[in-house]
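**Student:** quick one, what's the 3D model for this:
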Amino acid sequence: MPIKIPAELPASDDLSSENIFVMDSERALKQNIRPLNVGILNLMPNKIETELQILRLLSNTPLQINIDLIRIDETAPKNTPASHMNAFYHSFSEVKDKKYDGLIITGAPLGNMEYEDVKYWDKMTTLMDWSRRHVQSTIFLCWAAHAAMYHYYGVQRVVRERKLSGVFEHRVLDEKNELVRGFDPYFWAPHSRVGEIPIEDYQRIDGLSVLASSYDAGVYIAATDDKRLVYVTGHPEYDPLTLAQEYERDVEAELSPAVPENYFQQNDPTKDIKVRWKSHGTLFFTNWLNYCVYQTTPFDLNELN
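**Tutor:** I've put the predicted structure just below:
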């Protein structure tokens, strides 16, 4: 899939070097098709790293995708230059009148805070309500998945005694659901979070199905029957080194973190990393774009309701 992004975006050179098809605005104008419009609400402190991770996963089908990078407020992120934010990001006020085929809301390092104590919680709830009317299908990742479960259904997460960090084996629970089409019955996926919602709380919600879960990590993928809300509690977008970098950061901060499980060879941080989640991460996003977005979105986005 060609993804249409600004030629000056730092991710552009990285993606091209990885043989991923990116398209600049001039070439996109020559495509005689209606591209998909996808927004990425990036809540992570390191915006550039997260952009690259997600854009990789949106690049595996023959569809053209226009990307809007969105920020929740005007607060300057500590790990991203202001020049980058000003050049490539839209504030929500700038896009609130648009409609999107798809929206991805990233996680955020807010797992220990009560939702109402998050400084942008009011903006977050406004945006989640807006997405129900302006977006065909939305993916909520990690913290955003739990925040959406709380906002839409009043389901509160439980804060774990110890952070869940590592790569865990999962089982497909509904092999006929399009989001997990082509998945192996058992597959691996990364998690990095302190919050948890028991599977029973998902199962009590009418019109919501759990599609994949883990004995050790709990629910991984859940989605509404109409495919418009998709909850992913882990991080299929993570690079091979992301968990290692988080672990090293926590060690330096003297937080006494546990070694990420099932991640390093022999669970030894001095050894190589076992990368075994990238194929299913890519397949999940490809399935979402095809079955939850492309196959269901109206040609005229003004018909969304």
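**Student:** quick one: buried residues of stretch 293-305?
**Tutor:** Applying a neighbour-count criterion of 16 or more other Cβ atoms under 10 Å, one finds Val293, Tyr294, Thr297, Leu301, Leu304 buried in stretch 293-305. Yep, even glycine has a C-beta here, placed from its N, CA and C like the rest.
**Student:** I'd like those laid out as JSON lines, including secondary structure and distance to Lys163.
**Tutor:** Below are those laid out as JSON lines (DSSP: H, G, I helix; E, B strand; the rest coil; distance: Cβ to Cβ, whole Å):
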{"residue": "Val293", "secondary structure": "helix", "distance to Lys163": "32"}
{"residue": "Tyr294", "secondary structure": "helix", "distance to Lys163": "36"}
{"residue": "Thr297", "secondary structure": "coil", "distance to Lys163": "37"}
{"residue": "Leu301", "secondary structure": "helix", "distance to Lys163": "40"}
{"residue": "Leu304", "secondary structure": "coil", "distance to Lys163": "38"}
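**Student:** would you turn these into JSON lines with distance to Tyr238?
**Tutor:** Output for these, formatted as JSON lines (distance: Cβ to Cβ, whole Å):
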{"residue": "Val293", "distance to Tyr238": "22"}
{"residue": "Tyr294", "distance to Tyr238": "25"}
{"residue": "Thr297", "distance to Tyr238": "27"}
{"residue": "Leu301", "distance to Tyr238": "31"}
{"residue": "Leu304", "distance to Tyr238": "31"}
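**Student:** confidence score at Val219?
**Tutor:** At Val219, the pLDDT value in this model is 98.
**Student:** with His134 as the reference, measure out to it.
**Tutor:** 27 Å (Cβ to Cβ, to the nearest Å).
**Student:** more neighbours, these two?
**Tutor:** Val219 (26 against 20; other Cβ atoms under 10 Å).
**Student:** tell me what the more buried one is bridged to.
**Tutor:** According to DSSP bridges, the partner residues bridging Val219 are Ser213.
**Student:** for it, what are its contacts?
**Tutor:** If you count contacts by Cβ atoms under 8 Å, 6 or more residues apart in numbering, Val219 has them with Ile197, Ile199, Tyr202, Val210, Ala212, Ser213, Tyr231, Thr233.
**Student:** now the strand or helix carrying the fourth one, how far from the centre of its chain.
**Tutor:** What it means is Val210. Val210 belongs to strand 208-214 when assigned by DSSP states H and E. The chain centroid and the centroid of strand 208-214 are separated by 16 Å under Cα atoms, centre = their mean, to the nearest Å.
**Student:** got the buried residues for that strand?
**Tutor:** Within strand 208-214, the residues that count as buried by 16+ other Cβ under 10 Å are Leu208, Ser209, Val210, Leu211, Ala212, Ser213, Ser214.
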